[in-house]
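J.: how would this look folded up:
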Amino acid sequence: MQILMDEYTISMPLVLPAGPHPVRFVNAGFEEHNIYFRRMEDTLAAWVLERRLNPGERRVATVELEPGAYLAICDFSGHDGRGMFTEFTVAPAADSPERPDAAPPPS
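T.: Numbering: from 1, shown residues only. Here you go, the predicted structure:
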């Protein structure tokens with residue numbers, strides 16, 4: 001999975017799986033960018049990318065989030081005020097009992 005940051009957009013899947021998984025972060029812009037995720041109903045970050053990304057930089061990091069509705073935000077140098085944020089959902093993992101379509105556990 002890849003998350004692409006440019007001036008002043010974040011392009012990413014609208015649904016991410018819950019639990020730990022690797023994500024490639026790419027700064028395709030000409031400015032530095034950062035990114036953090038927070039739940040829609042909260043003001044605190046749920047996950048933060050360590051260090052800003054330089055222009056052209058790519059980095060893989062492990063993201064681990066609980067199911068719910070989130071915002072991805074770049075707030076470096078006021079970028080969020082220019083619209084550099086996006087909503088996304090974290091869905092329960094395929095084998096999670098939280099998923100309504102999950103197979104029942106073996107008896």
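J.: any idea where the helices of this protein begin and end?
T.: Here the chain has no helices by DSSP state H.
J.: in it, where is pLDDT below threshold?
T.: 95-107 (pLDDT under 70).
J.: which residues in it form strands?
T.: 2-6, 9-11, 15-17, 19-27, 36-39, 45-48, 58-65, 68-73, 85-91 (DSSP state E).
J.: may I see these organised as CSV, with mean neighbour count and distance to His79 added?
T.: The way it works is simple: take the backbone N, C-alpha and C, and place the C-beta from them, glycine included. Shown next, in CSV, are these (neighbours: other CB atoms under 10 Å; distance: least, CB to CB, whole Å):
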stretch, mean neighbour count, distance to His79
strand 2-6, 18, 9
strand 9-11, 17, 9
strand 15-17, 16, 21
strand 19-27, 15, 12
strand 36-39, 17, 12
strand 45-48, 14, 15
strand 58-65, 13, 18
strand 68-73, 17, 8
strand 85-91, 16, 8
